[in-house]
Each structure stands twice: as structure tokens, then as C-alpha cells.
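Chemist: when you get a sec, could you give me coordinates for this:
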Amino acid sequence: MSSSDEILEQIDAAVHDWTVSGDAMRCRPTPEPDPVPAVPVVPGTGRAAARAVLVSRLVDRGLEPADAAAAVRAAETGQPTEHLELLSAEARAAAAEAGQRVGQLLAAFVRALQPVVQAAATVMRQLDEALRAAGHTTSSGKLDRRDRPAWQSPYGPPPRKKR
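Modeler: All right, here's what the predicted structure looks like:
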């Protein structure tokens with residue numbers, strides 16, 4: 001396709017584009033795909049998900065769904081319930097399982113980052129050796145104020161002391 005055809009297509013797109021005024025003669029470029037996919041919205045996060053997990057675990061232990069939901073609501077508001085011990089045990093078990101999964105994820109993350117950290121340490125050692133060979137120091141020693149005139153200071157000359 002020649003460049004004149006592309007220009008004519010842009011003009012046609014601008015004429016039929018009603019998102020801008022008719023005299024703007026602009027066209028919208030085709031959007032490029034987003035390099036980072038959007039984060040999916042997960043329904044049932046937070047407190048509602050925790051309630052649902054506890055109710056499900058209590059149902060698995062033999063309670064009726066209505067009784068399990070009532071026990072969770074009662075425990076959440078601090079009211080006594082006959083299933084409080086079972087509910088507490090299930091909450092502790094669920095928290096322990098979640099903690100174990102988080103620990104496994106963190107261990108996998110550390111294992112995945114280990115080669116990167118080792119490579120960065122190697123590069124930093126090489127940089128330090130190169131700087132030392134070039135005669136630079138890697139220490140952060142402060143310069144003595146008396147080794148340069150006041151006009152070379154980035155802050156200007158020091159204020160004069162009053163007598």
C-alpha cells in the first residue's frame with residue numbers, strides 16, 4: 001500500500017470518527033496491545049471469602065449449611081454458640097494451611113531469585129575490582145571543606161559569623 005493510500009484511509013477514518021469535532025481531521029491510531037495483562041477481578045475476596053471458607057469447612061465436618069453460617073456470624077459478632085470450639089479449630093486449621101501455602105510460595109520465589117542475586121553479586125565484585133584497578137575508591141569519605149574555595153561549593157560560601 002502506498003503512502004497516499006494510507007493518508008486517504010486516515011482522512012476517511014477522521015471524517016467518520018465522531019469522537020472529535022468534524023473539523024479536527026484527526027484519526028485515532030490503532031491501539032497497541034497492552035504488554036501487561038489486566039489483573040482479573042476475583043470475586044469473594046476478604047471477609048466474605050473467609051466466611052465462605054469457614055462455612056464450607058464446617059459443612060465438611062458435618063454441620064448443616066444454615067447452622068454453619070449462623071455459627072460463623074455468631075462468632076464474628078462475639079455471641080456464644082454451641083459450635084464455637086469446632087469453628088475455632090477450623091479457623092486455626094485454615095490459617096495454618098494458608099500460612100503453609102504462603103511459605104511454599106516464598107520458598108519458590110527465593111529459589112527463583114537466587115541465580116539473579118548471584119549474578120548481581122558477581123557483577124558488583126567485578127565493578128569493585130575495576131574501580132580499584134582504575135584508582136577510584138569505593139568508600140564514601142567526606143571531602144574536607146578547606147581543600148576547595150567557597151565558590152566551588154554547590155551551596156555557595158558559608159554565612160559570615162556575627163560578632
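
Chemist: so which elements touch the longest helix belonging to the chain?
Modeler: When the chain is parsed with DSSP state H, its longest helix is helix 84-134. When contacts are defined as 3 or more Cβ pairs under 8 Å, 6 or more residues apart in numbering; DSSP states H and E, helix 84-134 sits against helix 47-60, helix 65-77. Just so you know, the C-beta spots here come from the backbone N, C-alpha and C atoms, and that holds for glycine as well.

Chemist: residue 120: which of those helices is closest?
Modeler: The stretch from the helices and strands packed on helix 84-134 with the least distance to residue 120 (Cβ to Cβ) is helix 47-60; that distance is 37.7 Å.

Chemist: looking at the helices and strands packed on helix 84-134, spot the one closest to residue 127.
Modeler: helix 47-60 (47.3 Å).

Chemist: could you give the angle of that closest one to helix 84-134?
Modeler: 130 degrees (axes from the mean of the first three to the mean of the last three Cα atoms, to 10 degrees).

Chemist: list the buried ones in helix 47-60?
Modeler: Judged by neighbour count using 16 or more other Cβ atoms under 10 Å, the buried positions of helix 47-60 are 50, 51, 53, 54, 55, 57, 58.

Chemist: is the fifth one in contact with residue 68, as I believe?
Modeler: Okay, so that is residue 55. Yes: applying Cβ atoms under 8 Å as the test, residue 55 and residue 68 come out as touching, 4.6 Å apart.

Chemist: poorly predicted segments of this structure, please.
Modeler: Scanning the chain with the threshold set as pLDDT under 70 gives 1-2, 16-29, 34-45, 136-154, 156-157, 163.
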